[in-house]
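Enquirer: missing the sequence, but the structure's below:
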């Protein structure tokens, strides 16, 4: 808003711009109120909670085996990773050993889910920055992964496949050849999309050097996952505290230099390639045998509490599970990665251009389902 | 608490601590000796229970002592044990890769304890969430407005005594 005063001076006044909750760039129902001075963002106020379903409270009323379905619905882009961390928490508390074959199936599917999640990010981030084509490529590849999930778990999303003690059923007979073909296609697809977008002049201008985040800010806000690693902190639960069978694979942790939007984007591209490496090795090593340790349907874990960490596509997820020996948990607290990653947005948006706000939000790759729970 | 059918209490979970946790367990009594901290074990972590008013100073020691350097607030949550509320902090060290649980028990009627926002900016939304769902007042927090619930919501839905509305399908 320009206020033209009589003496000819042009003074700008601060203006309030509302974005969301129904804004295509907010990837869900997230509302931000921007105070802008001309083109520059002075401050931002985030509003979340539009998707609050009280998942943690709902967990207290369900049997352990039923809670898996609630975890599916928190981060609905990476369901399998979410299922896995909950099942690991119960297994740790109850001392249930998971068969090796089940661990390998879990790792393969979780890494595939990570690739699918990052492919979705790739496409939507391209759109955020004004590139309309890449999403056509990445969605094509993501669709193939979803079909693979459907073949194995019976559902494209909300799989309810990873169970306490293992996985629901063994993989289909033609899993190995199908996976080999799929990996080949995905690898080629990632290279194609990477060539198309990553070093595009316009894309670089929109993302390179935009709102860098230093490591101290990131750590102070509890940022995790690719968003933190882009700032040069090599923190990854799969390496720091290897769970499942992650200690048997050779893979790297891509890190960025200065944590700007481009780094946050490119760390994810590299991560997809590392995930494919893990899947290759896991397919190679996968043993035979049972896929689930039978547990009682109405499971009563012993009294105690446990905190289990896992590496989700969006960052580090934690499950704090308190049991009093009953058939339902006493309290479940989820540390959702997007929750902390979104908290830092206010810091990142200060003194940037309002046109970049969408790109910066996109680079954090949030899922509102787990922010609000 | 659900009574066991056998008449005894429920079985206790087995403790699995690793070397880092054992090292912490040995180190903590000396570092926290002025706080009357109670050090216990959970299934996979060392738990420290302190008085609520000591939380910021204990956190400062945990964060700044070079042998501990807990620089990362992993998770902050409130658990309702009916007789009292427990605020649970999960702390992590990015350099030394160890983890710790810090707990403080507060009364259910007048739940309040100092905010740890000055130490970790990331405590912001967790504390607002704790205020929303459990009614815990974090003293010194700059903005205690509702985060997940809407303005004017009645009651604290995280607590055990909150009546969940019964919904019927169709």
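Expert: On my side now, so go ahead. The model shown is predicted, which means the values in this text are computed figures rather than measured ones. Numbering: from 1, shown residues only, chains lettered A, B, ... in the order given.

Enquirer: Tell me where the chain is predicted with low confidence.
Expert: I went with chain A, as the question did not name one. Across chain A, the ranges flagged by pLDDT under 70 are A:1-11.

Enquirer: Please refer instead to chain B.
Expert: Checking chain B against pLDDT under 70 turns up B:1-7, B:167-170.

Enquirer: Mind listing residues that contact stretch B:135-154?
Expert: Residues outside stretch B:135-154 that contact it (CB atoms under 8 Å, 6 or more residues apart in numbering or on different chains): A:48-49, A:52, A:372-373, B:78, B:85, B:87, B:106, B:111-115, B:117-118, B:124-125, B:127-133, B:156-157, B:159. Every residue, glycine included, has its C-beta placed from N, CA and C.

Enquirer: ok, 7 Å please
Expert: Contact with stretch B:135-154 is made by A:48-49, A:52, A:372, B:78, B:85, B:87, B:106, B:111-115, B:117, B:125, B:127-132, B:156, as judged by CB atoms under 7 Å, 6 or more residues apart in numbering or on different chains.

Enquirer: Setting aside sequence neighbours, what's the nearest residue to residue B:41?
Expert: Spatial nearest neighbour of residue B:41, chain neighbours left out: residue B:15 (5.0 Å); criterion: CB to CB, 6 or more residues apart in numbering or on different chains.

Enquirer: My guess is that neighbour contacts residue B:45. True?
Expert: No - look at residue B:15 against residue B:45 with CB atoms under 7 Å: they stay out of range, at 9.7 Å.

Enquirer: Name the residue in those two with the higher neighbour count.
Expert: Set residue B:15 next to residue B:45 and count neighbours by other CB atoms under 10 Å in any protein chain shown: residue B:45 wins out with 24 against 13.

Enquirer: Share the number of residues neighbouring the spatially closest residue to the more buried one that is not a sequence neighbour, please.
Expert: Excluding its sequence neighbours, the residue lying closest to residue B:45 (CB to CB, 6+ apart) is residue B:101, at 5.0 Å. Using other CB under 10 Å, residue B:101 is surrounded by 22 other residues.

Enquirer: does residue B:101 sit in a helix, a strand or a coil?
Expert: What DSSP: H, G, I helix; E, B strand; the rest coil gives for residue B:101 is strand.

Enquirer: residues contacting it?
Expert: Residue B:101 touches A:307, B:42, B:45, B:47, B:88, B:90, counting by CB under 7 Å, 6+ apart.

Enquirer: quick one: which of the residues you listed is nearest to residue A:284?
Expert: Of all those, residue A:307 has the smallest distance to residue A:284: 32.7 Å, by CB to CB.

Enquirer: give me the number of residues near the closest one?
Expert: Neighbourhood size, residue A:307 [other CB under 10 Å]: 24.

Enquirer: does it count as helix, strand or coil?
Expert: Three-state assignment for residue A:307 (three-state DSSP): strand.

Enquirer: list the contacts for it?
Expert: By CB under 7 Å, 6+ apart, residue A:307 lies in contact with A:318, A:320, B:44, B:45, B:90, B:101.

Enquirer: Filter these down to just the ones in helices.
Expert: Among these, no member is found in helices (DSSP state H).

Enquirer: Could you export these as TSV, including distance to residue A:127?
Expert: Shown next, in TSV, are these (distance: CB to CB, whole Å):
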residue	distance to residue A:127
A:318	31
A:320	36
B:44	42
B:45	42
B:90	36
B:101	42
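
Enquirer: quick check, distance from the helix or strand hosting residue B:79 to the centre of its chain.
Expert: Counting by DSSP states H and E, the element that carries residue B:79 is strand B:72-80. Taking CA atoms, centre = their mean, to the nearest Å, one finds strand B:72-80 lying 5 Å from the centre of the chain it belongs to.

Enquirer: cool, stretch B:89-102 as well?
Expert: The answer for stretch B:89-102 is 13 Å, by CA atoms, centre = their mean.

Enquirer: which of the residues in that stretch are buried?
Expert: Of the residues in stretch B:89-102, B:89, B:90, B:91, B:92, B:93, B:94, B:96, B:98, B:99, B:100, B:101, B:102 count as buried by neighbour count, 16 or more other CB atoms under 10 Å in any protein chain shown.

Enquirer: swap in stretch A:196-205?
Expert: For stretch A:196-205, the neighbour count (16+ other CB under 10 Å) marks A:196, A:197, A:198, A:200, A:203 as buried.

Enquirer: Residue B:75 contacts residue B:87, correct?
Expert: No - counting by CB under 7 Å, residue B:75 sits too far from residue B:87 to count as a contact (11.3 Å).

Enquirer: Do any residues in stretch A:332-340 lie close to chain B?
Expert: Yes - Stretch A:332-340 is in contact with chain B by CB under 7 Å from any CB of the partner chain, via A:333, A:335, A:339, A:340.

Enquirer: The last one: how many residues sit nearby?
Expert: Neighbourhood size, residue A:340 [other CB under 10 Å]: 29.

Enquirer: now it, what's its secondary structure?
Expert: With three-state DSSP as the criterion, residue A:340 reads helix.

Enquirer: Give me the nearest residue to it, chain neighbours excluded.
Expert: Once flanking residues are discounted, residue A:340 sits nearest to residue A:222: 4.1 Å by CB to CB, 6+ apart.

Enquirer: The third one too?
Expert: Residue nearest to residue A:339 in three dimensions, not counting chain neighbours: residue A:371, with 5.1 Å by CB to CB, 6+ apart.

Enquirer: what's across from the residue nearest to residue A:292 when sequence neighbours are not counted in the sheet?
Expert: Leaving aside its sequence neighbours, residue A:292 sits nearest to residue A:166 (CB to CB, 6+ apart; 3.0 Å). With DSSP bridges as the criterion, residue A:166 is bridged to residue A:163, residue A:292.

Enquirer: quick one on the thing from earlier: and the furthest pair within the buried residues of stretch A:196-205?
Expert: With CB to CB as the measure, no two of the buried residues of stretch A:196-205 lie farther apart than A:196 and A:203, at 9.3 Å.

Enquirer: Find the closest residue to chain A in chain B.
Expert: residue B:10 (2.3 Å; CB to the nearest CB).

Enquirer: got a list of what that residue touches?
Expert: Going by CB under 7 Å, 6+ apart, residue B:10 touches A:302, A:303, A:324, A:325, B:4.

Enquirer: Could you pick out the buried ones from the residues you listed?
Expert: Among the contacts of residue B:10, those classed as buried by 16+ other CB under 10 Å are A:302, A:303, A:324, A:325.
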